[in-house]
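> any chance you could fold what I've pasted below:
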Amino acid sequence: MNGIGERELGATHVLHQKLSCTRVGMRWERILSTHAREVEVLLAVHADVRAHVGDALCWLAGAGEACNPLDEATVAAVSRVLDDLQRLGTMDLQRSVACLRDELAMARGRSLDDLLAG
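Numbers count the residues shown, from 1 in each chain. Sure, this is the predicted structure:
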């Protein structure tokens, strides 16, 4: 991903390993892949979006490695990214964000492993 640092790249690797093992995770990766070019452009143009994505990646990777429930800080970090994508993205990306936002609402108090198990 364009514009993210080493810490975020490490978090991306951790998340990819987790996501690639489940049906739900592979669906999330397909959503990202579908919108990858648009997200890369937003990261290149908007420093705040780049920072929000970096934070969310690190929070999610940390929660995924520890198998802890997603806490308010993690949910807030992901929500900021979804807000950015909703505000700046195309209609197609906005539709995907709406679906992901629904899943995030159900994620509170559950671990990433629980979410990925479906």
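> how about the strands in the chain?
Counting by DSSP state E, the chain has no strands to list.
> so Leu115 makes contact with Glu103?
Yes. Counting by Cβ atoms under 8 Å, Leu115 touches Glu103, with 7.3 Å between them. Heads up, the C-betas are built off the backbone N, CA and C, glycines and all.
> between these two, which one's more packed in?
Leu115 (18 against 13; other Cβ atoms under 10 Å).
> next up, the contacts around the residue nearest to the more buried one when sequence neighbours are not counted.
Distance criterion Cβ to Cβ, 6 or more residues apart in numbering; nearest residue to Leu115, sequence neighbours excluded, is Ala107 at 5.5 Å. By Cβ atoms under 8 Å, 6 or more residues apart in numbering, the contact list for Ala107 reads 70, 75, 115.
> so how far is stretch 20-36 off the chain centroid?
Taking Cα atoms, centre = their mean, to the nearest Å, one finds the center of stretch 20-36 at 10 Å from the center of the full chain.
> what's the answer for stretch 38-45, then?
Centroid displacement of stretch 38-45 relative to its chain, using Cα atoms, centre = their mean, is 14 Å.
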